[in-house]
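Chemist: got a predicted model here, sequence first, then my questions.
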Amino acid sequence: MRGREHEMQEIDRLVHEPARLRVLTLLTGVKEADFTFILRALQMTNGNLSVHMRRLEEAGYVSMTKTFVGRVPKTMFSITTPGRRALEKYWRTLDELRADGGGSPRLQ
C-alpha cells in the first residue's frame with residue numbers, strides 16, 4: 001500500500017496494547033496454556049493478566065476453559081482462529097508501515 005491508501009490501514013488497538021500483544025504472541029506457540037504459566041512467562045500480576053484475558057476473551061481472540069484438578073481450579077487459555085487472524089493482520093500492518101517508511105495508521 002502506498003500514499004493515502006496506506007494511511008487508511010488500521011491497527012487493532014486491542015492487539016496493539018503491549019500486554020495483550022505479548023499474550024497473543026505467547027499463545028501462538030502453544031496449543032493451550034494455563035493462567036499460572038502465562039502469568040509467570042510474562043511476569044504480570046494476577047489482576048493485570050485477568051483484565052487483559054477478559055478483554056481478549058470478550059473480543060473472541062482467546063478461549064477459556066475452567067476445570068478442576070481435585071478441588072483446585074485450573075483455567076486454560078488458547079488463541080482462537082479470529083485471534084490468530086487479528087495478530088497476523090497486526091503484524092502485516094506493521095510490516096507495511098515499515099516498508100512504506102512510516103505513515104499514519106489509524107487505531108481502531
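Modeler: Yes, it's here.
Chemist: who's in contact with stretch 48-68?
Modeler: 14-15, 17, 19-20, 23-24, 27, 32, 35, 38-39, 42, 44, 73-80, 82-83, 86-87 (C-beta atoms under 8 Å, 6 or more residues apart in numbering). Placement of C-beta: from N, CA and C, glycine included.
Chemist: okay, and which of the residues you listed map to strands?
Modeler: Pro73, Lys74, Thr75, Met76, Phe77, Ser78, Ile79 (DSSP state E).
Chemist: just the buried ones from those?
Modeler: Among these, the ones that count as buried by 16 or more other C-beta atoms under 10 Å are Met76, Phe77, Ile79.
Chemist: pipe these into CSV and attach pLDDT and distance to Val51 per row.
Modeler: Shown next, in CSV, are those (pLDDT from 0 to 100; distance: C-beta to C-beta, whole Å):
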residue, pLDDT, distance to Val51
Met76, 97, 18
Phe77, 98, 14
Ile79, 98, 18
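Chemist: ok so, going back, between the ones in strands among the contacts of stretch 48-68, which is nearest Glu10?
Modeler: Ile79 (20.5 Å; C-beta to C-beta).
Chemist: residues in contact with that closest one?
Modeler: Taking C-beta under 8 Å, 6+ apart, one finds Leu24, Leu27, Thr28, Tyr61, Val62, Leu87 in contact with Ile79.
Chemist: residue ranges in the chain under the pLDDT threshold?
Modeler: 1-9, 102-108 (pLDDT under 70).
Chemist: ok, the spatially most central residue of it to Phe35 distance?
Modeler: What sits nearest the mean C-alpha location of the chain, by C-alpha atoms, centre = their mean, is Leu24, with 3.3 Å. Distance, Leu24 to Phe35, by C-beta to C-beta, to the nearest Å: 15 Å.
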